[in-house]
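In: Here is my input; please provide its structure:
(2 chains)
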Protein chains: 2
Amino acid sequence: MQKVNHLSLITNMMQSILKRATVRKYKQEDVAPELLNELLSAAMRTQTMGNLQLYSVVVTRDEKMKQRLAPAHFGQPMVTGAPVVLTICADFRRTTRWCEERKADPGYDNLLSFINAASDALLFTQTFCNLAEDAGLGICYLGTTVYQPQQLVEILELPKLVMPVATLTVGWPDETPALSDRLPIEAIVHNETYRDYSADDIDRFYSPKEQLLENKHFVEINNKETLAQVFTDLRYTRRDNEALSQVLLDTLRRQGFLS
Amino acid sequence: MQKVNHLSLITNMMQSILKRATVRKYKQEDVAPELLNELLSAAMRTQTMGNLQLYSVVVTRDEKMKQRLAPAHFGQPMVTGAPVVLTICADFRRTTRWCEERKADPGYDNLLSFINAASDALLFTQTFCNLAEDAGLGICYLGTTVYQPQQLVEILELPKLVMPVATLTVGWPDETPALSDRLPIEAIVHNETYRDYSADDIDRFYSPKEQLLENKHFVEINNKETLAQVFTDLRYTRRDNEALSQVLLDTLRRQGFLS
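Out: Okay, the predicted model is just below:
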């Protein structure tokens, strides 16, 4: 552990994280179960609520299972193309079973408990991502997990109080993607209180992104006027968001988190 | 980037994470703004939905602001004892402002969008934690953030579509806490489908935790019969969970995520 309090701190970890990028193409090569377990075990050092570890990981290696999972992720090719698919779940089932076996009355069938478990699961997920990428593995995080969670519940046979919150495809990289752009740090940091965004702020923070050739091309091929319209009209539309919110709510209810 | 596919991979990052522990006591010494920005900037490399970076960070350094935040975190002494408090928020406000300035119709006032933004925020939070701890800083993650979010909304002046999801107290460690126990990896990993927990599984996975002297002591001083009862009857009770779930729901509605 090194103590530093100045500019240009570059630890090994920072070097690893500064060069990371999402990998969607993988070599036809296995990820050894021992390596996976070692990375998952280390990720379990992540802080967790009351040290309850409110998460589970379902590991998919079977080809038929990947074929079944693929439609739940809108057919994204990483699901069948990766040697390993991990579905990380918010899990109050295990803790509830512990309570049942120990004369304790569990009260975790509610929204707060879901948020607690989902937080635990996502923090654990990200430490795993950082470790796996540092070990040379490529990762793709599938946001589709919360779009059709009811399909994942069925395929992975998730009982009540278990809810999928993140999916990772994991494998040895067969591509070297360029780093994607990010907003300037000023766009996300607020001092003491939230400073709302003026029209000038928006111009300053988003113009570099809008000027990127790939984004200009993206706007053009979609016949849109602005990059923001590509997001609102095509990628993440109000109509989809509202329909999928209903599915999410129904699945949370079905999984027992809204009793 | 090193490629390894065997047991006992110990990268620098893994060494750092394997020895981490939550730090609640901090030296009376500042965390330089430049260092904090460097760590936050590196954490922004974390994957994010559609590269929208659906999070904001409110940095609290002002003593009076810490005094105001403390009650929202049930008076936990880390809030006033740490040089820096970070409140990480799920944020669809900035993206919505971008859409408004770019003739696009944003549709992010719904539950799915909250979950998307909260996921982005928590993944970002954890990369920051990994980096900060690796740089020698001590971190405490305050789960109380989602218990009284309405107070944080008021104190930090969070507009609609901004919801606090995590708080970190950050400083130079003034204690060296022991590593806490964890469940065995078998307790959290499922192969292909979820394998529900038998009574035997529960005994095998939880007995080592229950046998720890500190936990036996914990049960004794609370006049309980089992460790699980300490959780259900005292730490995370049904009554509190249900009341706080209602507050959470009300705050999500007030912040515009349940329209």
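In: how close does A:Thr84 sit to B:Thr232?
Out: For residue A:84 the amino acid is Val, not Thr. 36 Å (Cβ to Cβ, to the nearest Å). C-beta here means a position set from N, CA and C on the backbone, and glycine is covered the same way.
In: hang on, I meant A:Tyr197
Out: Distance of A:Tyr197 to B:Thr232, computed by Cβ to Cβ: 44 Å.
In: and if you look at A:Phe128?
Out: As defined by Cβ to Cβ, A:Phe128 lies at a distance of 29 Å from B:Thr232.
In: Looking at the two, which has the bigger crowd around it?
Out: Neighbours per residue, other Cβ atoms under 10 Å in any protein chain shown: of A:Phe128 and B:Thr232, the larger number sits with A:Phe128, 27 against 24.
In: so that one makes contact with A:Leu40?
Out: Yes. A:Phe128 lies in contact with A:Leu40 (Cβ atoms under 8 Å); the separation is 6.3 Å.
In: if I look at these two, which residues touch both of them?
Out: Residues touching both A:Phe128 and A:Leu40 (Cβ atoms under 8 Å, 6 or more residues apart in numbering or on different chains): none.
In: distance between the ends of stretch A:139-148?
Out: One end of stretch A:139-148 sits 21 Å from the other (Cα to Cα, to the nearest Å).
In: same deal with stretch A:67-75?
Out: End-to-end distance of stretch A:67-75 (Cα to Cα): 9 Å.
In: Residues in contact with it: which ones?
Out: By Cβ under 8 Å, 6+ apart, stretch A:67-75 touches A:60, A:76, A:79-80, A:85, A:87, A:142, A:144-145, A:147-148, A:151-152, A:155, A:167.
In: Which among the residues you listed count as buried?
Out: The neighbour-count test (16 or more other Cβ atoms under 10 Å in any protein chain shown) applied to these identifies A:60, A:76, A:79, A:85, A:87, A:142, A:144-145, A:147-148, A:151-152, A:155, A:167 as buried.
In: ok, now how distant is A:Asp201 from A:Gln229?
Out: 20 Å.
In: ok, now A:Lys160?
Out: Applying Cβ to Cβ, one obtains 41 Å for the distance of A:Lys160 from A:Gln229.
In: Quick check on the two: which one has the bigger neighbour count.
Out: When neighbours are counted by other Cβ under 10 Å, A:Lys160 and A:Gln229 differ, and A:Gln229 comes out ahead with 19 against 15.
In: wait, what's in contact with that one?
Out: Taking Cβ under 8 Å, 6+ apart, we find A:Gln229 in contact with A:219, B:102-104.
In: mind listing what A:Asp203 touches?
Out: Applying Cβ under 8 Å, 6+ apart, the residues contacting A:Asp203 are B:Glu101.
In: what about it, which helix or strand?
Out: Per DSSP states H and E, A:Asp203 falls inside helix A:199-211.
In: Which ones among the contacts of stretch A:67-75 lie within helices?
Out: Applying DSSP state H to the contacts of stretch A:67-75, the entries found in helices are A:79-80, A:151-152, A:155.
In: Out of the residues you listed, which comes closest to B:Leu54?
Out: Here the nearest of the ones in helices among the contacts of stretch A:67-75 to B:Leu54, counting by Cβ to Cβ, is A:Leu152; it sits at 21.9 Å.
In: Tell me the spatial nearest neighbour of the closest one, not counting adjacent residues.
Out: Leaving aside its sequence neighbours, A:Leu152 sits nearest to A:Pro164 (Cβ to Cβ, 6 or more residues apart in numbering or on different chains; 4.4 Å).
In: The one you found contacts A:Gln148, correct?
Out: No. Distance between A:Pro164 and A:Gln148: 9.6 Å, which falls outside the contact criterion (Cβ under 8 Å).
In: Now the buried members of the contacts of A:Gln229.
Out: Using 16+ other Cβ under 10 Å, the buried ones in those are A:219, B:102, B:104.
In: number of nearby residues for the residue in the stretch 151-259 of chain A that chain B sits nearest to?
Out: For the stretch 151-259 of chain A and chain B, the shortest gap (Cβ to the nearest Cβ) falls at A:Arg238, measuring 2.3 Å. Applying the criterion other Cβ under 10 Å, we find 16 residues in the vicinity of A:Arg238.
In: So it versus B:Lys103, what's the distance?
Out: A:Arg238 sits 15 Å away from B:Lys103 when distances are taken as Cβ to Cβ.
In: what do you get for A:Glu133?
Out: When distances are taken as Cβ to Cβ, A:Glu133 and B:Lys103 turn out to be 38 Å apart.
In: Ok, A:Leu161 next?
Out: 44 Å.
In: next one: A:Leu137
Out: Look at A:Leu137 and B:Lys103: by Cβ to Cβ, they are 41 Å apart.
In: A:Cys129 now?
Out: From A:Cys129 across to B:Lys103, the span is 36 Å (Cβ to Cβ).
In: what do you get for A:Val146?
Out: Using Cβ to Cβ, one gets 29 Å for the distance from A:Val146 to B:Lys103.
In: Where does pLDDT dip in the stretch 1-150 of chain A?
Out: Scanning the stretch 1-150 of chain A for pLDDT under 70 picks out A:1-9.
In: what secondary structure does whichever residue of it sits closest to chain B sit in?
Out: When you check the stretch 1-150 of chain A against chain B by Cβ to the nearest Cβ, the closest residue turns out to be A:Gly107, at 2.3 Å. With DSSP: H, G, I helix; E, B strand; the rest coil as the basis, A:Gly107 sits in coil.
In: wait, isn't it in contact with B:Thr237?
Out: Yes. A:Gly107 is within contact range of B:Thr237, at 6.2 Å (criterion: Cβ under 8 Å).
In: For the residue of the stretch 151-259 of chain A closest to chain B, which non-adjacent residue is closest in space?
Out: B:Gly107 (2.3 Å).
In: and if you look at A:Gly256?
Out: Leaving aside its sequence neighbours, A:Gly256 sits nearest to A:Lys160 (Cβ to Cβ, 6+ apart; 3.8 Å).
In: how about the one you found, what does it touch?
Out: A:93, A:109, A:255-256.
In: one step back: between A:Gly107 and B:Thr237, which is the more surrounded one?
Out: Neighbours of A:Gly107 and B:Thr237, each counted by other Cβ under 10 Å, are more numerous for A:Gly107; the result is 22 against 14.
In: all strands of the stretch 151-259 of chain A, in order?
Out: Listed in chain order, the strands found in the stretch 151-259 of chain A under DSSP state E, counting those that start in this stretch are A:162-171, A:189-191.
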